[in-house]
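# with the sequence up front, the predicted model follows.
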Amino acid sequence: MTSTGVDGGARRGENETPSPLHEVEEQMGILAAKIRTSIRDAAAAVDPALQPFGLKLLRIVERLGPIHAGAAAEMLAVDRTAISRQSRQLEDLGLVSTRSDPEDRRARFIELTDEGRARLGNIGPTGFSSLQRVLGEWDDADLHRFAGYLARWIHDWEALEVEDGRNTPV
């Protein structure tokens, strides 16, 4: 039996089973919270002053090598000023260095320092040690199925964004 909530929407009764879509939404919310916590903890493991956004920028520089600040801004879907502020903080922490682009003196390259590389190495390739420990217990078949569902979900989400004209870089 369904009752009506204060906002006029339906509420689940105590004995009702949630719809499969509701279950997925609920679990995705829990997963998102756990990922945010893991990213925050990984950033703090690199440096207590490092914010999660700084870790994202560090990972991009680690993966791609020296990168223009503008390209990093595009990849992270933020304004260049956000990258400029963040790269200054990362430079102050000794994790990156910046240098002018010899072809365009206004543009700056951001590159990982040896210290930045070493500190990122301390947290592993993803920084999600809990995630690795949990999924490390799963057998290969379950991991392949899970990866397949995630890939399908991401593909469908990106297709919807393109359809709606709001495709954002990942």
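Received it, and whenever you're ready, just let me know what you need. Numbering: from 1, shown residues only.
# for A49, helix, strand, or coil?
Put simply, A49 is coil when judged by DSSP: H, G, I helix; E, B strand; the rest coil.
# neighbours of it, how many?
11 (other CB atoms under 10 Å). In this view, the C-beta of every residue, glycine as well, is placed from N, C-alpha and C.
# W138 versus that one, what's the distance?
As judged by CB to CB, to the nearest Å, A49 and W138 stand 35 Å apart.
# D101 now?
To W138, D101 is 45 Å away according to CB to CB.
# quick one, helices of this protein?
Per DSSP state H, the chain has helices spanning 20-46, 52-64, 69-76, 80-92, 114-122, 129-135, 140-163. These are given in chain order.
# deepest-packed of these, please.
Burial among those, expressed as mean neighbours by mean count of other CB atoms under 10 Å, is greatest for helix 52-64, which shows a mean of 19.
# so which other helices or strands are in contact with that helix?
Contacts defined by 3 or more CB pairs under 8 Å, 6 or more residues apart in numbering; DSSP states H and E place helix 52-64 against helix 20-46, helix 69-76, helix 80-92, strand 104-112, helix 114-122.
# any idea which of those gets closest to L150?
Smallest distance to L150 across these (CB to CB): 10.3 Å, for helix 20-46.
# give me the mean pLDDT for the closest one.
Averaged across helix 20-46, the pLDDT comes to 92.
# can you pull the contacts of the residue positioned nearest the centre of the chain?
Within the chain, one residue has its C-alpha closest to the average C-alpha position: by CA atoms, centre = their mean, that is K56, at 6.6 Å. Taking CB atoms under 8 Å, 6 or more residues apart in numbering as the criterion, K56 is in contact with I39, L76.
# distance check, it against I35.
On the measure of CB to CB, K56 and I35 end up 12 Å apart.
# try E103
38 Å.
# check A141 too.
Here A141 is placed at a distance of 24 Å from I35 (CB to CB).
# do the same with I60
When distance is defined by CB to CB, I60 is 17 Å away from I35.
# ok, Q27 to R36 distance?
Counting by CB to CB, the separation of Q27 from R36 is 15 Å.
# tell me the domain boundaries of this structure?
Domain assignment of the chain by automatic domain parsing yields the ranges 46-125, 138-170.
# closest one to H22 among the ones you listed?
Set against H22 and scored by CB to CB, those come closest in domain 138-170, at 16.1 Å.
# tell me the mean pLDDT for that closest one?
88.
# picking that back up, can I get the helices and strands packed on helix 52-64 in JSON lines with distance to E161?
As requested, the helices and strands packed on helix 52-64 are exported to JSON lines (distance: least, CB to CB, whole Å):
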{"stretch": "helix 20-46", "distance to E161": "17"}
{"stretch": "helix 69-76", "distance to E161": "16"}
{"stretch": "helix 80-92", "distance to E161": "21"}
{"stretch": "strand 104-112", "distance to E161": "27"}
{"stretch": "helix 114-122", "distance to E161": "30"}
